[in-house]
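**Q** Sharing a sequence plus its predicted fold:
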Amino acid sequence: MNTPLYPTCQQYIHRLKSKKSISKQIILFTGYDYFLQKHDLKVLLARYREVILVPRLIDETYLVKEALAPIFESYTDIHLVANPEYDERYRIIYEFAAITNKNIKILTVYDFCEKYLKKVYVPESYTESNPLLSSLRSRNYLQNLSKTFIDFSVSSVLLAVSSPLWLLSRVRIAQESPGPIFYRQSRVGLNQEEFYCIKFRSMRLDAEAAGAQFSSKKDKRVFKYGAFMRATRIDELPQLLSVFRGEISLVGPRPERRIFTESFEEVIPHYSSRHIIKPGITGYAQVMYPYGAGAKDARHKLMYDLYYIKNWTVGLEFKIIWKTVLTVLNYKGY
C-alpha cells in the first residue's frame, strides 16, 4: 500500500496498490469523503489489486484523460462505488468504461458499505434522500426477548466470575488515589433519556477541574491502576448493575454525555438514531474502531452502531462479546 492514507491534495485521485492480491479487479470510489479506515482498506486490498479514491473536487478532463485512461489500460474488471449525493462523476467513469469495453459493476456507497464493509454509510452532511431514514428501526418483540435473555445470563456469569476483581479494585484505588471508589456520571441512553453510568474511578479527583473533556488513550489524568483497569475494561464492571436495572445492555452503542451528543447531532447526520436502542457496556463500534475522540471518530463509530441496530442477530451479538473478550485479553481496551 503506497503513500498516505488520507490525501491532503484534492486535485488528484489517490491510488492504493495491493502487493498480495492476485485479483485482476480494481475498485473506484467517486465523491470520496474519507469514510474508509485502515481496517476497511485492508479488507479491500485483499480483494482488489488497486483501490482508487476520487475526491469530490477534481477536474473532469483530468479525471478521464490523465487519471483513468492509463489505469483502464491495465485492467478489464472494474468495480465502481458511486456517491450520487455529492457528484455525477460516477456517470463519467461508467460511460468511459463502456466505450473502452471494460466489465464494470456499479453500487451506491450505501449498498457497498453495508454489504462489504459491514457498516452503514453516514455522509459528511445531511442529504434529502437518504435510504437510512426509511430502513432503520428498533428490534421486534422476539429480538428484544432474545437480547434480554443474553443480557441477564451473560451479565450474571460475569458478575460472579469478576467478584475478586471488585475487591482488588477497591483496595488498589484507595491506595493510589484516595477518595470515592466509584464515580457516577450522567449519560444519554434509550430515547435520549439520561441515566447515571457507574464505573470504578480510574482518574484523579480533579480530572475535570477545567470542564468536560474527552479522555485520551494515554490520558495523564489516569493513575497507574486506573490505566490497567481501562486497558482490561475492569473499570466497566460496575455497569453490570445497570444492566440488571434495565438502563443499559451488555452490547449496544457506547453512552455519551449530553454535552457531547448535542454537539455531535449538530454536525453528524442521523447521530440521534443511535438512541433508539439501549446503550451498551461494549459495542460493535468499540470492537471495530480504534480509540478516538471528536466528530470525525464519532462519525466512523456511528456507522458501526447503525449497522448493529439495523442488522442485529444473536450471532452478531455473540461475535461482539467474543471480540470484547479478545480485546480484554490483549490489553487493548480504552
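**A** Done, it's in. Nothing here was measured: the structure is a model prediction, and the numbers come from that model.
**Q** for the stretch 51-200 of the chain, what spans make up the helices?
**A** Secondary structure of the stretch 51-200 of the chain (DSSP state H, counting those that start in this stretch): helices at 60-61, 69-72, 89-99, 109-112, 132-135, 141-161, 163-176.
**Q** which strands and helices sit next to the fourth one?
**A** Right, the one you point to is helix 109-112. Counting contacts by 3 or more Cβ pairs under 8 Å, 6 or more residues apart in numbering; DSSP states H and E, helix 109-112 is packed against strand 77-82. All C-beta spots, glycine's among them, are computed from the backbone N, C-alpha and C.
**Q** Give me the buried positions along the strand it packs on.
**A** By neighbour count with 16 or more other Cβ atoms under 10 Å, strand 77-82 contains the buried residues 78, 79, 80, 81, 82.
**Q** Contacts for that strand next, please.
**A** With contact meaning Cβ atoms under 8 Å, 6 or more residues apart in numbering, strand 77-82 is reached by 24-31, 48, 72, 90, 93-94, 97, 102-109, 112.
**Q** go with 7 Å
**A** In this structure, residues lying in contact with strand 77-82 by Cβ atoms under 7 Å, 6 or more residues apart in numbering are 24-30, 48, 90, 93-94, 97, 102-109, 112.
**Q** So which of those residues are in strands?
**A** Among the contacts of strand 77-82, DSSP state E puts 25, 26, 27, 28, 29, 30, 103, 104, 105, 106, 107, 108 in strands.
**Q** Give me the buried entries from those residues.
**A** Here, 16+ other Cβ under 10 Å leaves 25, 26, 27, 28, 29, 30, 104, 106, 107, 108 buried among the ones in strands among the contacts of strand 77-82.
**Q** Can you add pLDDT and distance to residue 86 and give these back as a markdown table?
**A** Shown next, in a markdown table, are those (pLDDT from 0 to 100; distance: Cβ to Cβ, whole Å):
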| residue | pLDDT | distance to residue 86 |
| --- | --- | --- |
| 25 | 90 | 24 |
| 26 | 92 | 21 |
| 27 | 94 | 17 |
| 28 | 92 | 14 |
| 29 | 92 | 11 |
| 30 | 87 | 8 |
| 104 | 90 | 20 |
| 106 | 92 | 15 |
| 107 | 93 | 15 |
| 108 | 92 | 12 |
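**Q** Closest one of the ones in strands among the contacts of strand 77-82 to residue 289?
**A** residue 29 (19.3 Å; Cβ to Cβ).
**Q** Surely that closest one touches residue 53?
**A** Yes. In this structure, residue 29 is within contact of residue 53 by Cβ atoms under 7 Å, at 5.2 Å.
**Q** was I right about residue 192 contacting residue 275?
**A** Yes. Residue 192 is in contact with residue 275 according to Cβ under 7 Å; the separation is 5.2 Å.
**Q** So which bits of stretch 70-90 are buried?
**A** 72, 75, 78-87, 89-90.
**Q** about what we covered before: tell me which of the buried residues of strand 77-82 is nearest to residue 202?
**A** Comparing the buried residues of strand 77-82 against residue 202 with Cβ to Cβ picks out residue 81 as the nearest, at 41.2 Å.
**Q** how far away is the closest one from residue 115?
**A** In this structure, residue 81 and residue 115 are 11 Å apart, going by Cβ to Cβ, to the nearest Å.
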